[in-house]
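> kindly generate the corresponding structure for this input.
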Amino acid sequence: MGRIKTKDIKRLTFGLIESYPGKFSADFGKNKEVLGELTIIPHKRVRNRVAGYLTKIAKRKKLAKPLDEPVL
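Numbering: from 1, shown residues only. The predicted structure follows:
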């Protein structure tokens, strides 16, 4: 089981996804760099948690793509 993210982390993450829909990927390091360019987050721990949550959401979206063929 993983750690539970606070409402502040979730709110910030979903706000960033709505504002910049195509900027984030399933790579933690790239998400961390993009966060540094787009926002000013003064604390390293908060930036890392947001980047990790962005990565988790991007991986979920990648796995949740619909199938082209119907399953019988």
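> could you use CA atoms for every contact and neighbour count after this?
Will do.
> ok, and the closest non-adjacent residue to the residue nearest the centre of the chain?
Centroid check for the chain by C-alpha atoms, centre = their mean gives Leu54 as the closest residue, at 1.0 Å. Leaving out its chain neighbours, the residue that sits closest to Leu54 by C-alpha to C-alpha, 6 or more residues apart in numbering is Thr13, at 6.4 Å.
> what is the neighbour count of that neighbour?
19 (other C-alpha atoms under 10 Å).
> quick check, it in contact with Gly52.
No: Thr13 is beyond contact range of Gly52, at 9.7 Å (criterion: C-alpha atoms under 8 Å).
> in what helix or strand does the residue nearest to Leu54 lie?
Thr13 is part of helix 7-19, with elements assigned from DSSP states H and E.
> other SSEs contacting that helix?
Contact partners of helix 7-19 among helices and strands, from 3 or more C-alpha pairs under 8 Å, 6 or more residues apart in numbering; DSSP states H and E: helix 44-63.
> gap between the helix it packs on and the chain center?
Taking C-alpha atoms, centre = their mean, to the nearest Å, one finds helix 44-63 lying 3 Å from the centre of the chain it belongs to.
> same check, this time on stretch 5-18
9 Å.
> that one: which residues count as buried?
9-10, 13-14, 16 (16 or more other C-alpha atoms under 10 Å).
> turn those into a markdown table, including pLDDT and distance to Glu33.
What follows is the buried residues of stretch 5-18, written out as a markdown table (pLDDT from 0 to 100; distance: C-alpha to C-alpha, whole Å):
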| residue | pLDDT | distance to Glu33 |
| --- | --- | --- |
| Ile9 | 94 | 17 |
| Lys10 | 95 | 19 |
| Thr13 | 95 | 15 |
| Phe14 | 95 | 18 |
| Leu16 | 95 | 14 |
